[in-house]
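Undergrad: coords please:
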Amino acid sequence: MELLIIVFAICFIVLGTLKLKIDPFIMLILAAILCGFGFGMPSTELLDVITKGFGSTLSSIGIVIVLGAIIGVFLEKSNGIDQIVSVLFKFFGVKRSGLMLNVAGFITAIPVFCDAAFVILSAIPKELSKKTGISLSFYGVALATGLYAAHVFIPPTPGPLAAAAILQTPLSSVLGYGLVVSIPVSLCGYFFSFFFNKKVPSQGIYKTKVSLFTSKEAKKLPKYAITSFLPILVPIILIGVSSFYKVDAGEKDAIISSILFLGHPVVATLFGVLVSFAISKKETKEKRSHWVLEAITQAGVIILITGAGGAFGAVLKSLNLSEFVSFSSNSPYLGLLMAFGFAALIKTAQGSSTVSILTTSAFMLPLLAVLGLSSDIGRCMTVLAIGSGAMTLSHINDSYFWVVTKSLGLEVKEGMYSFSLATFFQGITGIVVVLLLYYFLQ
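TA: Predicted structure coming up:
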C-alpha cells in the first residue's frame, strides 16, 4: 500500500503540473501532505517532517543558489558571458560546443556538488543557445548530465564516499574504476541530448560559421578573457581544494581549517560574487544594485521549488522502503543487478541520489558474501552499481531536477522528456559498463 501511495503521489504531481497547470511548488507540498497521511503519520509529526525537509534542503543549497544567480547576472550584464562564449567557440567551435559543456560539467562535478555547480555554470548554455539558435534544452542537458555522472561515481562527492566506507571498499579503487564508469555515462548524456532531443536543429546549422559579435560589440568585451572566467573558476578551485582535504584531512590544524572554511560552497561562491563585483567596478552602484535585485528575483522561484522538493523527499524518506523489498541470489551478476535495481527504486521513489546510495549500501553489506561480491573488486563494483541505480531516474521529486529545469526555464514536461530520460539512459549505461568491468576483472 505504501508503494502504491508513492506511485499515486508522483502521478498526482505530474498531472497537476502538466494538465491543471498548478505551480510545482504547490503540488509538491500537497503531495507531501497526502503521502504523510497515507503513511499514517500524525499531523504534528508530518508538519515537522515537511518543514524540516524544506529547511534542510535549502540550508545546503539555498544561499548558493542566490549567490550563483548573482554571479550569472553579473557575468551576463557585464558581457563576461559573451567573453566566455567567445573563448569557448574559439577552442571548440560550434559543432563541439555541446560536448564541451558536457566535459566541463563532468570535470567540475568531481570536487563541486552538482546542484551548486549547475547554478554557477547555467548562464553559459543560455548564452550559447542565444548565439547559435540551438535548443537551450540541448545545451542544458549536456551540461547537467556531465555534472550528474561525476556526482554519483567519483569521490569526494558524499554518495560514493559514504558507500565506499559502508561497504569497506578501498577509496583508491572507487576513484579509479569510478572514473572508468563515469566517462561513458557522461558521454551517454551528451549523445542523448544530441540525438533524441527533438528541438535540436538539423546538421545544417553546424556547417554555418557563427559570427558571435560585430566589431562594435567586440569592443565592449572585457579586455582580458581570464577575468570573465574568474567568477566561475574561483569557487570551483576553492571547493575543489577543500574537497580533497575532506577525503583524508587528518588532524585539522589552522591551515587546513582555513582551507575547509574557504572551500565551503557558501564561502567559495561568495568569493565568486566578490570577484564579479570587482570586475564590474566601472558600473554605477545603482546599476549593480539592480543586477543583484534581478538575480534574487530569479533565484527565489528556484529556491521555493527546490525546498518543496526537499519537503516531499523528506516525507518519503521517513518510510523504510527496505522493509517492502526482499532479494536473494547466488550470482554476483544478479547481485550487481540487485544493487542497481534497489538503488533505482529508492531514487525514483524519494528523489535523493545520496540517500539512495546510503540506503542501498547498508542493505547490501550483509548480502555481499552470499552474493559472491565479498572480494575487493566485488565490493568496488557494488559501489558503482549502486551509483548507476542512484541516478536512475531524476524527476519531479529530485531537487536537482528542479534546479536544472527552473534555471533553464524549461517546462516540467520538457524537463522530463529531456533531462529525466537522459538520466534513465545514463543509469542503464552505467550498470552495463559495471557488469562488463566485473566480467573482465574478476
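
Undergrad: switch to C-alpha atoms for all contacts and neighbour counts from now on
TA: Fine.

Undergrad: Where in this protein is the helix or strand with the lowest mean pLDDT?
TA: For the chain, scoring each helix and strand by mean pLDDT, DSSP states H and E identifies helix 215-218 as the least confident one, at a mean of 50.

Undergrad: what's the burial count for Leu436?
TA: Other residues near Leu436 number 11, with proximity taken as other C-alpha atoms under 10 Å.

Undergrad: any idea how far it is from Glu414?
TA: The spacing between Leu436 and Glu414, counted by C-alpha to C-alpha, to the nearest Å, is 33 Å.

Undergrad: try Ile305
TA: Remark: distance between Ile305 and Glu414 (C-alpha to C-alpha) = 17 Å.

Undergrad: Please identify the buried residues of stretch 372-380?
TA: By 16 or more other C-alpha atoms under 10 Å, the buried positions in stretch 372-380 come out as 372-374, 377-380.

Undergrad: Next step: those residues restricted to helices.
TA: Judged by DSSP state H, those include 377-380 as members of helices.

Undergrad: just these now: which is nearest Leu171?
TA: Cys380 (8.9 Å; C-alpha to C-alpha).

Undergrad: can you pull the contacts of the closest one?
TA: 164, 169-170, 173-174, 177 (C-alpha atoms under 8 Å, 6 or more residues apart in numbering).

Undergrad: try Asp23
TA: For Asp23, the contacting residues are Thr17, by C-alpha under 8 Å, 6+ apart.

Undergrad: Show the model's pLDDT score for it.
TA: Per-residue confidence at Asp23 stands at 78 (pLDDT).

Undergrad: for the one 5 residues further on, same thing?
TA: The predicted structure scores Leu28 at 82 on the pLDDT scale.

Undergrad: higher neighbour count, Ile305 and Glu414?
TA: Set Ile305 next to Glu414 and count neighbours by other C-alpha under 10 Å: Ile305 wins out with 23 against 14.

Undergrad: what's the nearest residue to the more buried one if we skip its chain neighbours?
TA: Distances taken as C-alpha to C-alpha, 6 or more residues apart in numbering place Phe25 nearest to Ile305, at 4.8 Å, with adjacent residues excluded.

Undergrad: measure that neighbour to Ser375 for me?
TA: 46 Å.

Undergrad: Over to Ser399?
TA: Look at Ser399 and Ser375: by C-alpha to C-alpha, they are 35 Å apart.

Undergrad: and what of Thr269?
TA: From Thr269 to Ser375 the distance is 41 Å (C-alpha to C-alpha).

Undergrad: same question, Leu334
TA: Taken as C-alpha to C-alpha, the span from Leu334 to Ser375 is 16 Å.

Undergrad: cool, and Lys406?
TA: 43 Å.

Undergrad: what's the answer for Val174, then?
TA: Counting by C-alpha to C-alpha - Val174 and Ser375 are separated by 14 Å.

Undergrad: Which elements pack onto the lengthiest helix in the chain?
TA: Longest helix in the chain, counting residues (DSSP H): helix 43-77. On a contact count with 3 or more C-alpha pairs under 8 Å, 6 or more residues apart in numbering; DSSP states H and E, helix 43-77 meets helix 24-38, helix 80-92, helix 114-121, helix 123-132, helix 225-247, helix 265-279, helix 285-317.

Undergrad: what's the most buried one of those helices?
TA: helix 114-121 (a mean of 25; mean count of other C-alpha atoms under 10 Å).

Undergrad: that older thread, which stretch among the helices and strands packed on helix 43-77 comes nearest Lys52?
TA: Taking C-alpha to C-alpha, helix 285-317 is the member of those nearest to Lys52, at 7.3 Å.

Undergrad: Specify the angle between the closest one and helix 265-279 in degrees.
TA: Comparing the axes of helix 285-317 and helix 265-279 via axes from the mean of the first three to the mean of the last three C-alpha atoms, to 10 degrees yields an angle of 160 degrees.

Undergrad: Check the average confidence over helix 285-317, would you?
TA: 81.

Undergrad: Now do that helix against helix 114-121, angle only.
TA: Using the same axes, to 10 degrees: helix 285-317 against helix 114-121 is 160 degrees.

Undergrad: what's the following helix or strand past helix 285-317 packed up against?
TA: Later in the chain than helix 285-317, the nearest helix or strand by DSSP states H and E is helix 332-350. Packed against helix 332-350 by the contact rule (3+ C-alpha pairs under 8 Å, 6+ apart) you find helix 285-317, helix 353-364, helix 376-389, helix 421-441.

Undergrad: Can I get those in TSV including distance to Tyr148?
TA: TSV is the format used below for the helices and strands packed on helix 332-350 (distance: least, C-alpha to C-alpha, whole Å):
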stretch	distance to Tyr148
helix 285-317	17
helix 353-364	10
helix 376-389	11
helix 421-441	8
